[in-house]
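S.K.: sequence? don't have it. structure:
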């Protein structure tokens with residue numbers, strides 16, 4: 001009972017800390033907007049459909065200062081989490097198409113959610129791709145005590161004890177879940193899916209040994225890999241990660257053509273003037289080439305991706321088809 005009481009007090013303290021954080025953040029956002037509007041400056045709002053601290057939030061705050069300088073506009077980051085990113089995405093899709101409200105999100109909002117949520121209130125037609133800022137593959141990580149140190153050893157281990165290995169994800173239909181399903185189809189491995197409400201709880205259980213494996217972005221687990229609390233078995237990108245030069249890609253391990261990427265891109269409401277979309281694309285591409293920005297991205301194993309709106313749109317269509325097939329054939333639902 002004492003232990004339970006301590007846990008309740010800890011949860012209460014954490015809840016109070018989070019409430020104070022959001023209160024401070026809301027006040028900061030309001031003041032920033034009010035000051036900019038009072039001075040007559042144009043305000044560019046970048047909506048991140050997830051809470052602070054994730055990959056989308058990191059990129060938004062990384063590019064915001066230099067983008068503000070280039071556009072001579074105040075850039076404000078607006079976190080609107082909820083329902084796997086669909087709340088913030090829906091807000092942008094229904095915003096005025098004046099080029100002053102943008103979405104910065106992983107590509108799942110565009111290429112996964114429409115197939116996963118049949119009754120979604122927005123679709124790809126409601127968003128205009130601006131630029132694909134970065135792409136990165138997932139890394140397959142395991143608990144250190146798992147008796148496999150690469151993909152070949154993992155496949156052999158699963159054959160020796162079929163159906164006993166498990167993997168965690170940040171939730172049904174999330175990119176790590178779909179990557180794992182694509183991986184299962186390509187390799188024939190049998191794994192039991194354990195969905196969590198977010199990457200954090202899944203990683204905690206992996207470190208604790210409650211699950212065996214997980215696909216996730218390298219930046220999320222880099223510290224745990226370096227400290228030896230997790231070990232990498234493979235990466236899903238086309239090339240090895242600079243941060244993990246000794247970890248082979250899934251394709252190198254014998255499954256030619258396999259690749260699975262997470263993209264962080266920028267979108268505008270569909271009817272945004274083409275001239276504004278083109279300018280945003282040019283200025284953001286220039287920001288990505290700045291040495292300071294490049295260095296911080298590479299430290300997180302993010303690969304800058306200079307491209308046009310048309311190229312980004314074409315890439316998204318290919319991704320949408322791939323993930324729709326995985327969702328359909330796997331009978332995957334968000335519940």
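M.R.: Yes, it's here. Worth saying up front: this structure is predicted, and the values here are computed from it rather than measured. Numbering: from 1, shown residues only.
S.K.: how is the chain carved up into domains?
M.R.: Structurally, the chain divides into domains by automatic domain parsing as follows: 35-136+261-330, 137-235.
S.K.: Just send those back as CSV, with distance to residue 244, mean neighbour count and mean pLDDT too.
M.R.: Any C-beta I mention is one placed from the backbone N, CA and C, and that applies to glycine too. Listed next are the domains of the chain as CSV, based on distance: least, Cβ to Cβ, whole Å; neighbours: other Cβ atoms under 10 Å; pLDDT from 0 to 100:
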stretch, distance to residue 244, mean neighbour count, mean pLDDT
domain 35-136+261-330, 8, 18, 91
domain 137-235, 6, 18, 93
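S.K.: Quick one: closest of the ones you listed to residue 253.
M.R.: When the domains of the chain are compared by Cβ to Cβ, domain 137-235 sits nearest residue 253, at 4.0 Å.
S.K.: Not counting its own residues, what contacts stretch 234-252?
M.R.: With contact meaning Cβ atoms under 8 Å, 6 or more residues apart in numbering, stretch 234-252 is reached by 135-140, 150-151, 179, 183, 186-187, 215, 218, 222, 225, 232-233, 253, 257-261, 298, 301.
S.K.: Next, the buried residues of that stretch.
M.R.: By 16 or more other Cβ atoms under 10 Å, the buried positions in stretch 234-252 come out as 234-238, 240-241, 243-244, 247-252.
S.K.: And the residues you listed, which is closest to residue 284?
M.R.: residue 237 (22.2 Å).
S.K.: distance of the closest one from residue 244?
M.R.: Separation of residue 237 from residue 244 (Cβ to Cβ, to the nearest Å): 10 Å.
S.K.: What is whichever strand or helix holds residue 292 packed up against?
M.R.: According to DSSP states H and E, residue 292 maps onto helix 291-299. On a contact count with 3 or more Cβ pairs under 8 Å, 6 or more residues apart in numbering; DSSP states H and E, helix 291-299 meets helix 55-71, helix 274-288, strand 303-304.
S.K.: Work out the gap between stretch 197-213 and the centre of the chain.
M.R.: The chain centroid and the centroid of stretch 197-213 are separated by 17 Å under Cα atoms, centre = their mean, to the nearest Å.
S.K.: Outside of that stretch itself, which residues are in contact with it?
M.R.: With Cβ under 8 Å, 6+ apart as the criterion, stretch 197-213 contacts 140-143, 145-146, 154, 165-171, 176, 191, 194, 196, 214, 216, 220-221, 224, 229-230, 233.
S.K.: ok so residue 259 is a helix residue?
M.R.: No: looking at residue 259 with DSSP: H, G, I helix; E, B strand; the rest coil, it is coil, so not inside a helix.
S.K.: what ranges do the helices span in the stretch 201-335 of the chain?
M.R.: Assigned by DSSP state H, counting those that start in this stretch, the stretch 201-335 of the chain shows helices spanning 218-226, 274-288, 291-299, 309-330.
S.K.: actually the stretch 51-200 of the chain, not the one I wrote
M.R.: Using DSSP H, counting those that start in this stretch, helices in the stretch 51-200 of the chain cover 55-71, 86-93, 108-111, 113-116, 151-160, 175-187, 199-208.
S.K.: of all those, which lies closest to residue 270?
M.R.: The closest of the helices of the stretch 51-200 of the chain to residue 270 is helix 86-93. By Cβ to Cβ, the value is 7.5 Å.
S.K.: So which elements touch the closest one?
M.R.: strand 43-48, strand 101-106, helix 108-111, strand 127-142, strand 261-269.
S.K.: between the fourth one and helix 151-160, how many degrees?
M.R.: Interaxial angle of strand 127-142 relative to helix 151-160 (axes from the mean of the first three to the mean of the last three Cα atoms, to 10 degrees): 70 degrees.
S.K.: which residues does the most centrally placed residue in the chain contact?
M.R.: Taking Cα atoms, centre = their mean as the criterion, residue 106 is the residue nearest the geometric centre of the chain, at 4.7 Å. Residues in contact with residue 106, defined by Cβ under 8 Å, 6+ apart, are 55, 56, 85, 175, 262, 263, 264, 265.
S.K.: What of residue 174?
M.R.: The neighbourhood of residue 174, defined by Cβ under 8 Å, 6+ apart, consists of 84, 108.
S.K.: For it, give its distance to residue 332.
M.R.: Applying Cβ to Cβ, the value for residue 174 to residue 332 is 10 Å.
S.K.: follow-up on the earlier one: could you dump the helices and strands packed on helix 291-299 into CSV with distance to residue 45 added?
M.R.: Formatted as CSV, those follow (distance: least, Cβ to Cβ, whole Å):
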stretch, distance to residue 45
helix 55-71, 11
helix 274-288, 13
strand 303-304, 23
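S.K.: what about the ones you listed, which gets the closest to residue 313?
M.R.: Smallest distance to residue 313 across the helices and strands packed on helix 291-299 (Cβ to Cβ): 10.6 Å, for helix 274-288.
S.K.: Pull the number of nearby residues for the residue lying closest to residue 152 once chain neighbours are set aside.
M.R.: Leaving aside its chain neighbours, residue 152 sits nearest to residue 253 (6.2 Å; criterion: Cβ to Cβ, 6 or more residues apart in numbering). For residue 253, the neighbour count with other Cβ atoms under 10 Å is 17.
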